[in-house]
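Undergrad: give the three-dimensional model of this entry:
(one chain, ligands or ions: 1)
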Amino acid sequence: MRDINQYSITEAVKDSFKTQDGSRLKVLLEAFIKHLHDYTRETNLTHEEWMGVLMFLYDCGKISTPERHEFILLSDVLGWSALVDMINTRGGATEGSNLGPFYLDDAPVKALGAHIAPGRPGAVVLVQGQVRDTLGNPLPGAIVDTWQADAAGTYPIQEQASGQDKYDLRAKLTADAEGKYWYTTVLPKPYTVPYDGPVGRLLRAGNRHSWRAAHLHYIVRAAGMRSITTELFFENTDYIDNDAVFGVRRSLIGKITPVKKSDSLPVDLEQEPDAKIAFDFVLAPEG
Ligand SMILES: [Fe+2]
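TA: Sure thing, here's the model as predicted:
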């Protein structure tokens with residue numbers, strides 16, 4: 001190892017890890033080392049730049065809490081989350097989109113027809129659809145786990161200091177015997193991703209805005225199926241073509257239409273809707 005140089009060091013570092021041949025760890029680690037070293041040689045990285053990157057990562061860690069994950073945000077603005085979503089979407093299934101930093105896995109269980117934004121200002125919208133498998137069979141009992149921003153573009157979890165309940169604007173719904181789900185909520189507004197930390201500094205340095213197109217978040221699960229994490233966007237809304245985290249896909253854009261008197265609505269709605277949107281989820285089998 002004495003004759004190591006800027007080219008041979010890459011193989012030496014790879015060889016220093018005694019990972020099992022053919023293992024996933026070996027594949028991931030060796031590719032990471034190769035690309036990290038290639039990046040460094042290609043850019044002639046200086047000591048100041050190298051330390052700048054390390055301090056940036058340090059700052060991301062420092063500002064992170066269980067409820068604010070700056071590394072997820074970093075992944076999002078670099079399009080890394082979107083890329084992972086894209087390559088992991090199964091043929092025929094609903095396309096994946098950003099998890100975002102505000103998911104809580106213990107959202108309150110609510111009944112179909114619930115209004116998940118009680119007392120909140122904003123247009124009330126009926127969200128309804130069906131959960132199916134890739135062959136078109138309904139998935140009764142599928143869990144539709146949703147969370148969202150309010151009509152001002154804020155997640156209650158961001159405003160706990162002012163008395164907001166972090167579980168507000170969240171629900172776990174169980175699809176009925178035909179795989180159908182329905183609930184009402186208020187329409188969310190676009191919001192900026194957190195801009196006061198290191199990722200905000202990065203966006204400013206790159207003359208990028210930090211706005212997300214308005215969306216509803218979903219994780220949909222069903223027994224024996226591969227769960228999906230995705231988002232529902234709305235046609236003709238701001239930032240739909242330049243979302244800060246590259247989350248929008250054509251197939252994830254729904255159309256909001258006003259509710260008409262002649263519409264037949266689910267009978268068990270807690271709140272009368274002003275508008276409605278339909279969105280079906282398609283899950284691929286596990287494996
Ligand atoms: Fe979001």
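Undergrad: longest strand in this structure, please.
TA: strand 124-133 (DSSP state E).
Undergrad: determine the set of other helices and strands touching that strand.
TA: Here strand 124-133 touches strand 180-186, strand 275-278, strand 281-283, going by 3 or more CB pairs under 8 Å, 6 or more residues apart in numbering; DSSP states H and E. Placement of C-beta: from N, CA and C, glycine included.
Undergrad: partners of the helix or strand following the first one in the sheet?
TA: Note on strand 180-186: by DSSP states H and E, the next helix or strand toward the C-terminus is strand 191-192. Within its sheet, strand 191-192 is paired with strand 211-212 (antiparallel), according to DSSP bridges.
Undergrad: what about M55, which SS state?
TA: Under the three-state scheme (DSSP: H, G, I helix; E, B strand; the rest coil), M55 adopts helix.
Undergrad: so how far is K62 from it?
TA: Counting by CB to CB, to the nearest Å, the separation of M55 from K62 is 10 Å.
Undergrad: now A82
TA: Counting by CB to CB - A82 and K62 are separated by 26 Å.
Undergrad: between those two, point out the one with more neighbours.
TA: A82 (20 against 11; other CB atoms under 10 Å).
Undergrad: count of neighbours near G179?
TA: Other residues close to G179 by other CB under 10 Å number 21.
Undergrad: contacting residues for it?
TA: Q130, V131, R132, P138, L139, P140, A142 (CB atoms under 8 Å, 6 or more residues apart in numbering).
Undergrad: quick one: contacts for the fifth one?
TA: Translated: L139. Residues near L139 by CB under 8 Å, 6+ apart: V131, R132, D133, A175, G179, A222, M225, L283.
Undergrad: now K180
TA: With CB under 8 Å, 6+ apart, K180 has these contacts: L112, Q128, G129, Q130, V131, P138.
Undergrad: redo that, cut-off 7 Å
TA: Taking CB atoms under 7 Å, 6 or more residues apart in numbering, we find K180 in contact with Q130.
Undergrad: now Y155
TA: Y155 touches F102, A149, counting by CB under 7 Å, 6+ apart.
Undergrad: now the residue nearest to R170 when sequence neighbours are not counted. Its backbone dihedrals?
TA: Leaving aside its chain neighbours, R170 sits nearest to A107 (3.8 Å; criterion: CB to CB, 6 or more residues apart in numbering). Note on A107: its backbone torsions stand at phi -60, psi 150 [degrees, to the nearest 10].
Undergrad: who's in contact with A107?
TA: D145, W147, Y167, R170, A171, K172.
Undergrad: surely the first one forms part of a strand?
TA: So that's D145. Yes. Secondary structure of D145 (three-state DSSP): part of a strand.
Undergrad: gap between the two ends of stretch 102-119?
TA: End-to-end distance of stretch 102-119 (CA to CA, to the nearest Å): 22 Å.
Undergrad: and it, how far out from the chain middle?
TA: 17 Å (CA atoms, centre = their mean, to the nearest Å).
Undergrad: so for it, mean pLDDT?
TA: Averaging pLDDT along stretch 102-119 yields 94.
Undergrad: gap between P190 and A149?
TA: Distance from P190 to A149, by CB to CB: 8 Å.
Undergrad: what about these two, which has more around it?
TA: Taking neighbours as other CB under 10 Å, P190 and A149 compare with A149 leading, 25 against 17.
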